[in-house]
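> Structure here, sequence nowhere to be found:
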């Protein structure tokens, strides 16, 4: 559970940092006769929808942390044979990174108000993310053909369940991204209208890229040697 | 403190908060069924949770009948008994209490108490309820599936949960249970995002975090905890579903069943226990924190006195929430884990008693020299404090490894968690319903029926669960379908079991009085008016009762003070609503 506890520590630090700015030490019972306190709530620092996405990403991060915790705990038993990382996964990683980059570019274009290049980058982002998903399915097929089937070994089971879950999240992101892309192409909406949804999509796909990189590090065994290194440093 | 642009007049300029774009229902269906109004969704949650909760209540009756009269009822065989246990536990903990506190009270109270028009994502909120309903239906489908529901115990420990010896293990039961949990968690996440973001971003002007009523603090913190803890149950459920359906070995060790070697190999049942209790222990506080918050408000309102140590109450909630994530393994002392871990978890478990005790002291000190009105909400709140202290103290016993090991498999544990997690929160639910029913319906609940219900429930619950501690100390094991021949249990234990069962039947039946009261008062109850309890918080200051769609009429409320200005010296009345600006007559700083 070390991974989950580390994740919780990070979340706790974020909450504590935020709470520190919330005047938790104030004495509300003394404040009622001053009118100022009623106005000290500033305008929301992020729109509700952005905050909603961040909280959601926190939940998703908890989910993956728990799976990775389980992965390391299960790994300790003797029947674990590592699974080879197919070469295709590296291509997929590059494609997902490119998709993330394209979406970032699209948000920049939305800020500059350039509709044409916005559409092009947005479409590119969407297609690249779809390509990533297709690539992942192809990687599954290759592994299956090579005899690494789901129930054969816990490493295989974890590989399929984690890539599957990540793929499902990418798919969910694609549904939203598809709607945004559709809106960008369908009508003459001004780029400002798209800015918010574009930003949210970009954040989501950056996050999914980060999750994917961590998963890849776990599968390739780097995370393991990294953990060993940390333990050695501690001892 | 920020300088006020409003000058010294004590008047804040009208709200500049951006008005929400509300969805306005166009038909009966979108108004009352597929509603996006948090108040309707709250009632939907509450009705669904109560309905499935009644099923669980009947299951507890059946279990008690078997324990008191073993073998007398032919239809209760061992398999059924385990199915009743499992479904009773899971329904009560997850589908009733969690859904009722967060989905029911959370939905109704958060927007009203923080001064918002609605939840920030009404559509997701609506989906949340319908997905919850789906989860309940999948769960209930277990009763009709071939082989019946799962009988693995509410903790669903592998490997037995997916073996053929357990009811539902190789049938539909366990699959439906796990699927239902997965669906529930997805639905809850949608609702949870709403509760958190509404508290953070939807508050009215002037409603600083430290002016929020403790009810909101409790529900808010519990929701944050649930968002972090439920994924653990999700992970465990998905992995066990894979083990059961696809033959993986996450949790399943090499095992021989009925002479055949199963294909599983090397899995770790302890891993499941870690994941389950990583959810399971925070879950206790996911239920308790909203109860703590609500009780604080009930006591303050009905004792006409400000809550003692508001800041401490808030901090205690936050500390309990943080600590509850590092105590999970105290449910696993007998799992064969490293004794050093046991020591660590026993320590954290005892530390968590400190903020909890602070809360209890503060409730009692709020009552001290208060103007106590023994209304029904107050009675239920007082009953809660007593019950919670009782259940909490036995928790301190069980938190110690040396005490827990011999008691772990006895009725003592059943008595402990029913006191602290069953009876105590349910008493708060009743108190809260008595308190807020007038706002929801515009009518008061009937007091006579309320008193009958309260006294039978309160005293009856003690008659049920106090003797159970004693049974546990005698060594009567829990989870057993029947005792058989045991030399160490005296015959008196059996007569005690009969007594407990009779009391359980009576207390269960008394809940019909409560339901009757809810329905009768809906039509015949005394008209309540907008603020029958003369309370300060925002939900009592709505222009209409019950609050209309959008809650606040044309202008959003502006908040000038904290939620507990009761019996302020020099004030005209014994309460000052949060919306009332300061006037020259009352200078409260002088007094302190």
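That came through fine. Not measured: the values here are computed from a predicted model.
> Quick check: phi and psi at whichever residue of the stretch 251-400 of chain B sits closest to chain A.
Here the stretch 251-400 of chain B gets closest to chain A at one residue, residue B:266, 3.5 Å apart by CB to the nearest CB. C-beta: built from backbone N, CA, C; applies to glycine. Note on residue B:266: backbone dihedrals following degrees, to the nearest 10 are phi 80, psi 0.
> Tell me the confidence at the residue lying closest to it once chain neighbours are set aside?
Nearest non-adjacent residue to residue B:266, counting by CB to CB, 6 or more residues apart in numbering or on different chains: residue A:79, 3.5 Å away. Here, the pLDDT recorded for residue A:79 equals 83.
> sec struct for residue A:79, please.
On the three-state scheme (DSSP: H, G, I helix; E, B strand; the rest coil), residue A:79 is labelled coil.
> from what I can see it touches residue A:152, true?
No: in this structure, residue A:79 is not within contact of residue A:152 by CB atoms under 8 Å, at 10.4 Å.
> what sits against the residue of the stretch 251-400 of chain B closest to chain A?
A:77, A:78, A:79, A:80, A:154, B:249, B:253, B:254 (CB atoms under 8 Å, 6 or more residues apart in numbering or on different chains).
> Which of these sits closest to residue A:99?
Nearest to residue A:99 among the contacts of residue B:266 is residue A:154, at 30.7 Å by CB to CB.
> Can you classify the closest residue to the closest one other than its chain neighbours by secondary structure?
Counting by CB to CB, 6+ apart, the nearest residue to residue A:154 once its immediate chain neighbours are dropped is residue A:74, at 5.2 Å. Recorded secondary structure, residue A:74: helix (three-state DSSP).
> Just confirm residue B:238 contacts residue B:182, I think it does.
Yes: in this structure, residue B:238 is within contact of residue B:182 by CB under 8 Å, at 6.6 Å.
> Neighbour count: the two, which is higher?
residue B:238 (21 against 17; other CB atoms under 10 Å in any protein chain shown).
> Please name the residues that touch that one.
Here residue B:238 is in contact with A:161, A:165, B:178, B:182 (criterion: CB under 8 Å, 6+ apart).
> immediately after the helix or strand containing it, which helix or strand?
Per DSSP states H and E: residue B:238 is located in helix B:214-246. The C-terminal neighbour of helix B:214-246 among helices and strands, as given by DSSP H and E, is strand B:256-257.
> Give the pairing partners of that following strand; include direction for each.
Counting by DSSP bridges, the strands paired with strand B:256-257 are strand B:260-261 (antiparallel).
> what about the residue nearest to residue B:266, how many neighbours?
Around residue A:79 there are 14 residues (other CB under 10 Å).
> mind checking pLDDT for the closest residue to residue B:441 other than its chain neighbours?
Closest residue to residue B:441 apart from its sequence neighbours, by CB to CB, 6+ apart: residue B:522 at 5.6 Å. We have a pLDDT of 95 for residue B:522.
> For residue B:457, see how far away residue B:522 is.
21 Å (CB to CB, to the nearest Å).
> The two: which is more packed in?
Higher neighbour count among residue B:522 and residue B:457: residue B:457, with 23 against 14, using other CB under 10 Å.
> mind giving me TSV with the contacts of residue B:266 and columns for distance to residue B:93?
Compiled in TSV, the contacts of residue B:266 are given as follows (distance: CB to CB, whole Å):
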residue	distance to residue B:93
A:77	31
A:78	36
A:79	34
A:80	34
A:154	30
B:249	28
B:253	27
B:254	32
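> Could you confirm residue A:127 falls within a strand?
No: under three-state DSSP, residue A:127 falls outside any strand and is assigned helix.
> so what's it up against?
Counted by CB under 8 Å, 6+ apart, residue A:127 has zero contacts.
> And residue B:414, by the same measure?
B:468, B:472, B:478.
> wait, which of these is closest to chain A?
Using CB to the nearest CB, those come closest to chain A at residue B:478, 27.1 Å.
> Tell me the spacing between that closest one and residue B:416.
11 Å.
> Neighbour count: the two, which is higher?
Shown here are residue B:478 and residue B:416; by other CB under 10 Å, residue B:416 has more neighbours (23 against 18).
> which SSE is the more buried one in?
Going by DSSP H and E, residue B:416 is part of helix B:411-417.
> Under a three-state scheme, what state does the nearest residue to residue B:401 once chain neighbours are set aside occupy?
Sequence neighbours aside, residue B:342 is the residue nearest to residue B:401 in space, at 4.4 Å (criterion: CB to CB, 6+ apart). Three-state call for residue B:342 (three-state DSSP): helix.
> Count the residues that sit near residue B:342.
Neighbours around residue B:342, by other CB under 10 Å: 21.
> correct me, but it touches residue B:333?
Yes: counting by CB under 8 Å, residue B:342 does reach residue B:333; the two are 5.4 Å apart.
> list residues touching both of those two?
Common neighbours of residue B:342 and residue B:333 (CB under 8 Å, 6+ apart) are residue B:401.
> Let's see the distance spanning stretch B:66-86 from one end to the other.
Stretch B:66-86 has an end-to-end distance of 15 Å (CA to CA, to the nearest Å).
> now it: how far from the chain's centre is it?
28 Å (CA atoms, centre = their mean, to the nearest Å).
> got it, and stretch B:278-286?
Offset of stretch B:278-286 from its chain centre (CA atoms, centre = their mean): 11 Å.
> Is it positioned near chain A?
Yes: contact of stretch B:278-286 with chain A (CB under 8 Å from any CB of the partner chain) involves residue B:278.
> Show me what the longest helix seen in chain A is packed up against.
Looking across chain A with DSSP state H, the single longest helix is helix A:154-186. For helix A:154-186, the packing partners by 3 or more CB pairs under 8 Å, 6 or more residues apart in numbering or on different chains; DSSP states H and E come out as helix A:48-75, helix A:115-145, helix A:191-220, helix B:214-246.
> Just want the angle from that helix to helix A:115-145.
160 degrees (axes from the mean of the first three to the mean of the last three CA atoms, to 10 degrees).
> Helix A:154-186 vs helix A:191-220, what angle?
Using the same axes, to 10 degrees: helix A:154-186 against helix A:191-220 is 170 degrees.
> List the buried residues of helix A:154-186.
By neighbour count with 16 or more other CB atoms under 10 Å in any protein chain shown, helix A:154-186 contains the buried residues A:154-167, A:169-170, A:173-174, A:177, A:180-181, A:184.
> now it against helix B:214-246, angle please.
Going by the same axes, to 10 degrees, helix A:154-186 makes 120 degrees with helix B:214-246.
> residues touching residue A:210, list them.
So residue A:210 contacts nothing (CB under 8 Å, 6+ apart).
> Check the burial of residue 113 by counting its neighbours.
Just so you know, I chose chain A. Residue A:113 has 11 nearby residues by other CB under 10 Å.
> that's the other chain; I wanted chain B
24.
> can you pull the pLDDT of it?
pLDDT, read off for residue B:113, is 96.
> contacting residues for it?
B:212, B:213, B:215, B:216, B:537, B:538, B:539.
> Could you list the low-confidence segments of chain A?
Across chain A, the ranges flagged by pLDDT under 70 are A:32-45, A:230-231, A:233-235.
> cutoff 50 now
A:33-41 (pLDDT under 50).
> outside of stretch A:56-68, which residues touch it?
A:3-4, A:6-7, A:11, A:158, A:161-162, A:165-166, A:169, A:203-204, A:207, A:211, A:214-215, A:218, A:223, B:189, B:192-193, B:227-228, B:231-232, B:234-235, B:275, B:278.
> And the buried ones among those, selectable in PyMOL?
Selection of the buried residues among those in PyMOL, burial being defined by 16+ other CB under 10 Å:
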select buried, (chain A and resi 3+4+7+11+158+161+162+165+166+169+203+204+207+211+214+215+218+223) or (chain B and resi 189+192+193+227+228+231+232+234+235+275+278)
